[in-house]
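S.K.: have a look; sequence and predicted model below, questions after that.
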Amino acid sequence: MRTYMTFIVKTSAIFFLLITSTIYGSNVDKADLVFYYSFDAETLKGDDVLDLSDNENDGFLHGNNLKIVDGKVNDCMEFPGAGTEYIAVRKVHYTEGIPELSIAVWIKTAERGMIASWDRSEFFRFAAGDAVLGNTTFVAFDICCPIADWHGKIKVTDDKWHHVAVTFDADMRRIYVDGELDVEAPTETNNKMIGPKAKRFGFIGVGSEADVFNGNAAPTGWAFKGLMDELLYFHRALTSDEIKHLSNAPEEPFDVVPYDKLSVLWGNIKTYY
């Protein structure tokens with residue numbers, strides 16, 4: 001009888017482990033994380049928003065009207081839509097090509113606006129809507145070189161929360177909306193990289209033509225107006241499972257606690273039986 005009960009309990013435990021792993025297992029690997037802005041109130045320090053990646057790639061708040069408000073995950077950053085109100089990313093600049101890239105963020109906006117830019121003519125820009133191809137409503141991921149303007153097919157400028165993400169590697173470029181693949185296309189840039197051309201620093205919320213930190217912002221005519229939350233920037237292409245995990249709005253995107261709990265549970269089962 002005890003043997004039979006042991007079999008039943010172990011079988012049930014294994015089934016539970018498989019189901020729970022499916023639910024909780026798709027966390028995000030921190031590998032090649034460049035910066036992470038949660039935009040929670042406690043991450044503001046003076047004129048900077050702190051980078052939670054431990055790389056100290058903090059962002060300088062340029063302007064006096066960027067505000068922390070209630071967000072999708074705890075707090076978020078409100079951008080007023082002015083060309084003088086944006087975040088200048090410290091330290092992250094390029095003079096060489098970018099082999100792999102991913103950017104993921106929650107946005108809520110009712111109009112076209114720049115999300116992140118390291119200059120479309122030199123490296124790339126990522127936006128809700130665009131200044132080309134008649135696109136004012138879809139996610140844009142414009143890269144160089146040569147310049148390739150490109151956008152998705154799902155509307156994101158509807159004043160609702162959307163999780164938007166782009167990925168790039170030597171084989172493919174992809175746009176995701178709300179955890180699902182929107183569009184994909186083969187990589188056709190020179191040397192299978194983004195860039196390189198002139199040195200560029202980057203901005204969040206406005207276009208960049210900056211060859212020094214907090215340098216020239218352009219274009220400024222369609223600065224981001226709305227809310228951004230949970231901005232993550234990687235030097236690798238995230239997997240579809242990782243994108244899906246982020247679109248579920250976890251409070252801790254790299255949290256692996258469920259795995260620890262399962263390990264403890266399994267250890268207890270083996271000890272007891």
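M.R.: That came through fine. Numbers count the residues shown, from 1 in each chain.
S.K.: flag every buried residue along the one helix or strand L246 maps to.
M.R.: Using DSSP states H and E, L246 maps to helix 240-247. Buried residues in helix 240-247, counting neighbours by 16 or more other CB atoms under 10 Å, are found at 242-247. Quick note: C-beta positions are derived from backbone N, CA and C, even for glycine.
S.K.: which helices and strands sit right next to that helix?
M.R.: When contacts are defined as 3 or more CB pairs under 8 Å, 6 or more residues apart in numbering; DSSP states H and E, helix 240-247 sits against strand 162-168, strand 172-177.
S.K.: now, of those, which is deepest in the fold?
M.R.: By mean neighbour count, with neighbours taken as mean count of other CB atoms under 10 Å, strand 162-168 ranks first of the helices and strands packed on helix 240-247 at a mean of 25.
S.K.: partner strands of that strand, with direction?
M.R.: strand 101-108 (antiparallel), strand 172-177 (antiparallel) (DSSP bridges).
S.K.: quick one: low-confidence parts of the stretch 151-273 of the chain?
M.R.: Scanning the stretch 151-273 of the chain with the threshold set as pLDDT under 70 gives 255-273.
S.K.: may I have the beta-bridge partners of R174?
M.R.: Legend: beta-bridge partners of R174 under DSSP bridges are T167, E184.
S.K.: residues touching it, list them.
M.R.: When the contact criterion is CB atoms under 8 Å, 6 or more residues apart in numbering, the partners of R174 are 166-168, 181-184, 237.
S.K.: how about a cut-off of 10 Å?
M.R.: For R174, the contact set (CB atoms under 10 Å, 6 or more residues apart in numbering) comprises 102, 141, 152, 165-168, 181-185, 237-238, 240, 243.
S.K.: picking that back up, a markdown table for the helices and strands packed on helix 240-247, including distance to G97?
M.R.: Formatted as a markdown table, those follow (distance: least, CB to CB, whole Å):
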| stretch | distance to G97 |
| --- | --- |
| strand 162-168 | 11 |
| strand 172-177 | 14 |
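S.K.: out of the ones you listed, which is closest to N74?
M.R.: Go through these one by one with CB to CB and the one that ends up closest to N74 is strand 162-168, at 15.2 Å.
S.K.: now the angle between helix 240-247 and the closest one, please.
M.R.: Strand 162-168 and helix 240-247 are oriented at 150 degrees to each other (axes from the mean of the first three to the mean of the last three CA atoms, to 10 degrees).
S.K.: please state the offset of strand 162-168 from the chain centre?
M.R.: Strand 162-168 has its C-alpha centroid displaced from the chain centroid by 6 Å (CA atoms, centre = their mean, to the nearest Å).
S.K.: likewise stretch 109-127?
M.R.: With CA atoms, centre = their mean as the basis, stretch 109-127 stands 13 Å off its chain's centre.
S.K.: so which bits of that stretch are buried?
M.R.: In stretch 109-127, counting by 16+ other CB under 10 Å, buried: 109, 112-120, 122-127.
S.K.: how about stretch 176-183?
M.R.: Within stretch 176-183, the residues scored as buried using 16+ other CB under 10 Å are 176-178, 182-183.
S.K.: try stretch 122-142
M.R.: Under the neighbour-count criterion of 16+ other CB under 10 Å, stretch 122-142 has 122-131, 135-142 buried.
S.K.: need the distance between the two termini of it.
M.R.: Distance between the boundary residues of stretch 122-142 (CA to CA, to the nearest Å) amounts to 10 Å.
S.K.: ditto for stretch 132-146
M.R.: One end of stretch 132-146 sits 15 Å from the other (CA to CA).
S.K.: ok, which stretches of the stretch 101-250 of the chain are strands?
M.R.: Per DSSP state E, counting those that start in this stretch, the stretch 101-250 of the chain carries strands over the ranges 101-108, 113-117, 124-128, 138-143, 151-155, 162-168, 172-177, 180-186, 200-204, 225-234.
S.K.: setting aside sequence neighbours, what's the nearest residue to L50?
M.R.: Nearest in space to L50, with sequence neighbours left out and distances taken as CB to CB, 6 or more residues apart in numbering, is T43 at 4.4 Å.
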